[in-house]
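Colleague: Here is my input, please return the structure:
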Amino acid sequence: MTAKQSRPELRPLDEPHKTKLRDHIVAMLGTERQILAVLGSVTKELEGHAETSSFLGRIRAMAEDHIEALRIRMMGIGVLEPDLRLPSGGPEPVVIQPKGPSSALQLLYALLSQATFGYSVLHVVAHRQLDSPWAIEEGNTADLAEELLREYAHALEILDAKGCEVAVWELSQEGLECRCVCPSCSLGICLCWIHGTATVVDARRPLLAREAEPTAAGVMVAPPRTASVALRAGVIEGDAVVAIDDQRVGGAQDVEGMVGGFQKAIVAHGPGDTIRLKVRGPSGDLRDVRLARDVAIPPPKERRLAAIVFTDMVGFTALAQEDESRALELLEEHRALVRAALPRHGGREVKTIGDAFLLEFGSALDATACAIEVQRAVRKRNQIHRRDPIQLRIGIHIGDLVSVSGDIFGDAVNIASRIEPLAEPGGICVSQQVYDQVWNKVPVRMVELAKCRLKNVSAPIGVYRVSVPKSR
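Modeller: Residues are numbered from 1 along each chain as shown. This next block holds a predicted model:
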């Protein structure tokens with residue numbers, strides 16, 4: 001059988017795969033919200049320790065960014081965020097109140113550890129469900145999970161160093177002086193917290209390297225994909241690939257050494273080339289395995305320039321908690337108004353998630369004209385239903401994007417979603433790039449806002465607020 005004949009094609013995600021990915025993202029949303037919930041009491045306990053209080057502020061900003069990024073990613077895979085409220089009559093959530101600064105940090109540490117572990121699992125799930133850079137270059141869940149994992153892992157390292165310091169500070173605040181009789185403490189130079197911190201640093205990360213045995217080197221094999229060349233060559237779960245073409249692989253403790261080196265050894269071969277593996281079985285026996293390199297075919301991609309429109313209903317979440325049936329009725333009205341305007345401006349509905357729309361247009365002018373028409377239609381509708389208004393915010397940006405199986409990814413999408421919250425209720429905000437193309441082509445006034453840094457966007461972005469004309 002030739003390599004071409006045996007080459008598996010990547011299939012689009014079916015509902016079970018989407019559900020698995022969605023469940024893990026929802027779990028991380030819950031963890032992030034837990035972190036925000038306890039940060040209030042933790043910060044109160046540590047308000048007298050200025051340096052740590054400042055660090056807790058950074059963690060709060062980090063958690064808020066993570067929640068926003070996860071919600072945008074849910075839109076990216078086209079699934080809805082569930083209502084995370086408890087069912088009516090259900091038990092009240094248990095709120096753990098820390099008893100003192102050090103126990104407060106311990107509670108936060110446990111949640112950050114839970115989040116780090118969760119993101120490592122989400123990273124694996126995303127890779128296996130074809131939501132990784134191997135299929136989607138930008139805006140994939142695997143890269144997002146890795147980024148958020150690293151942020152919290154770094155935060156945990158800082159907390160490792162602060163735990164003992166805060167414990168000493170707490171004892172001192174309570175008037176409990178050091179009673180240790182070691183030589184240094186006897187002189188009045190307490191090294192207790194330094195000893196504790198150094199012990200944590202010495203015991204935690206180097207432990208993995210110290211306990212790694214030579215026989216553990218290699219890349220462990222998970223259950224191979226059905227009908228894969230590895231499975232047909234007799235490589236099974238529990239085996240370990242210890243060498244490729246006589247070059248040792250695995251055994252490293254870093255990502256590049258463990259994963260990057262293995263991937264490079266494979267891609268050094270072209271499709272159909274023979275790869276020689278040295279495989280160690282579960283019993284420790286070594287055997288040689290030869291297989292032809294098989295290349296999965298990623299989903300077709302298209303890169304293009306487009307205008308992106310991101311809409312959001314103001315106050316929808318609060319209304320849904322107060323009157324869910326009415327909120328859903330207004331949501332349907334919102335969708336009908338947007339969908340009625342789209343065809344007249346050549347727009348495409350990419351997807352909806354919750355109360356938000358992601359739309360694509362061939363030009364900045366079409367996108368802006370459609371947004372103005374939508375806002376005018378909403379105002380006209382509100383004149384009739386004054387007691388039950390709909391208010392939208394709309395953000396528009398134009399830029400390069402990647403289309404995969406009808407979905408779109410890239411910085412253009414992210415920037416549009418970041419610009420939208422800057423609009424006033426019932427208003428529109430556009431980026432500098434959009435303004436440059438439409439300022440003299442639409443009958444509206446545009447006011448420049450102060451340049452701002454948008455979340456997860458490296459360079460400052462110029463933003464203009466559009467004054468939507470009154471309905472005729």
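Colleague: Give me the residue at the spatial middle of this protein.
Modeller: residue 144 (3.8 Å; CA atoms, centre = their mean).
Colleague: Would you mind listing the buried residues in the helix or strand hosting that residue?
Modeller: Taking DSSP states H and E as the criterion, residue 144 maps to helix 141-173. For helix 141-173, a neighbour-count test (16 or more other CB atoms under 10 Å) marks 141-146, 148-149, 151-152, 155-156, 159-160, 162-171 as buried. C-beta coordinates here come from the backbone N, C-alpha and C atoms, glycine included.
Colleague: Could you pull up the contacting residues of the residue nearest to the centre of the chain?
Modeller: Residue 144 makes contact with 69, 70, 73, according to CB atoms under 8 Å, 6 or more residues apart in numbering.
Colleague: Including pLDDT, could these go into CSV?
Modeller: Converted to CSV, those look like this (pLDDT from 0 to 100):
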residue, pLDDT
69, 84
70, 86
73, 78
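Colleague: between these, which is closest to residue 33?
Modeller: Distance ranking of those against residue 33, using CB to CB, places residue 70 first at 10.3 Å.
Colleague: Okay, and that closest one sits in which element?
Modeller: Per DSSP H and E, residue 70 falls inside helix 50-76.
Colleague: Just the buried positions in that helix, please.
Modeller: In helix 50-76, counting by 16+ other CB under 10 Å, buried: 52, 55-56, 59-60, 62-63, 66-76.
Colleague: and what of stretch 270-285?
Modeller: Using 16+ other CB under 10 Å as the test for burial, stretch 270-285 gives 275, 277, 278, 279, 280.
Colleague: Could you single out the nearest of those to residue 344?
Modeller: The nearest member of the buried residues of stretch 270-285 to residue 344, counting by CB to CB, is residue 275 at 55.8 Å.
Colleague: Residue 266 contacts residue 244, correct?
Modeller: Yes - at 7.0 Å, residue 266 and residue 244 qualify as touching, with contact defined as CB atoms under 8 Å.
Colleague: so what's the nearest residue to residue 239 once chain neighbours are set aside up against?
Modeller: Excluding the flanking residues, the one nearest residue 239 by CB to CB, 6 or more residues apart in numbering is residue 221, at 4.4 Å. Residues counted as contacts of residue 221 (CB under 8 Å, 6+ apart) are 230, 235, 236, 237, 238, 239, 240, 241.
Colleague: what does residue 441 give?
Modeller: Contacts for residue 441 (CB under 8 Å, 6+ apart) come out as residue 365.
Colleague: Residue 233 now?
Modeller: 289, 290, 291.
Colleague: Just the buried subset of those, please.
Modeller: By neighbour count, with 16+ other CB under 10 Å, these hold residue 291 as buried.
Colleague: Out of the contacts of residue 233, flag the one nearest to residue 464.
Modeller: Comparing the contacts of residue 233 against residue 464 with CB to CB picks out residue 291 as the nearest, at 57.3 Å.
Colleague: Return the backbone torsion pair for the closest one.
Modeller: phi -150, psi 150 (degrees, to the nearest 10).
Colleague: Do I have it right that it meets residue 275?
Modeller: Yes - the pair residue 291 / residue 275 is scored as a contact, 5.8 Å apart, by CB under 8 Å.
Colleague: overlap in contacts of these two?
Modeller: By CB under 8 Å, 6+ apart, no residue touches both residue 291 and residue 275.
Colleague: Can you give the domain ranges for this protein?
Modeller: 12-176, 214-292, 301-467 (automatic domain parsing).
Colleague: can you put those domains in CSV and add distance to residue 192?
Modeller: Listed next are the domains of the chain as CSV, based on distance: least, CB to CB, whole Å:
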stretch, distance to residue 192
domain 12-176, 7
domain 214-292, 30
domain 301-467, 40
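Colleague: Run through the stretch 101-250 of the chain and note the low-pLDDT ranges.
Modeller: 137, 182, 184-188, 190-191, 193, 201-217, 250 (pLDDT under 70).
Colleague: mind listing the strands for it?
Modeller: Along the stretch 101-250 of the chain, the stretches classed as strands by DSSP state E, counting those that start in this stretch are 219-220, 240-244, 247-248.
Colleague: and these, which is most packed in?
Modeller: Stretch with highest mean neighbour count among these: strand 240-244 (a mean of 20; mean count of other CB atoms under 10 Å).
Colleague: which residues sit against that strand?
Modeller: Applying CB under 8 Å, 6+ apart, the external contacts of strand 240-244 come out as 217-221, 235, 248-250, 262, 265-266, 275-280, 286.
Colleague: Please repeat the previous calculation with a cut-off of 6 Å.
Modeller: 218, 219, 220, 265, 277, 278, 279, 280 (CB atoms under 6 Å, 6 or more residues apart in numbering).
Colleague: partners of that strand in the sheet?
Modeller: Strand 240-244 pairs in its sheet with strand 219-220 (antiparallel), strand 247-248 (antiparallel), strand 274-280 (antiparallel), by DSSP bridges.
Colleague: Quick one: mean pLDDT over stretch 326-335.
Modeller: For stretch 326-335, the mean per-residue pLDDT is 88.
Colleague: Convert the C-alpha atoms of it to PDB, please.
Modeller: Provided in PDB are the C-alpha atoms of stretch 326-335 (Å, rounded to 0.1, in the frame of the first residue of the first chain):
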ATOM      1  CA  ARG A 326     -38.300  37.700  28.000                       C
ATOM      2  CA  ALA A 327     -34.600  37.800  27.400                       C
ATOM      3  CA  LEU A 328     -34.900  35.000  24.800                       C
ATOM      4  CA  GLU A 329     -37.700  36.900  23.100                       C
ATOM      5  CA  LEU A 330     -35.500  40.100  22.800                       C
ATOM      6  CA  LEU A 331     -32.600  38.000  21.600                       C
ATOM      7  CA  GLU A 332     -34.700  36.700  18.700                       C
ATOM      8  CA  GLU A 333     -35.800  40.200  17.800                       C
ATOM      9  CA  HIS A 334     -32.100  41.200  17.800                       C
ATOM     10  CA  ARG A 335     -31.200  38.400  15.500                       C
END
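Colleague: Please identify the buried residues of that stretch?
Modeller: Buried residues in stretch 326-335, counting neighbours by 16+ other CB under 10 Å, are found at 327, 330, 331, 334, 335.
Colleague: Contacts for that stretch, please.
Modeller: 313, 319, 320, 355, 390.
Colleague: Which member of those residues exhibits the greatest number of neighbouring residues?
Modeller: Neighbours here mean other CB atoms under 10 Å. Within those, the largest count is held by residue 313, at 23 neighbours.
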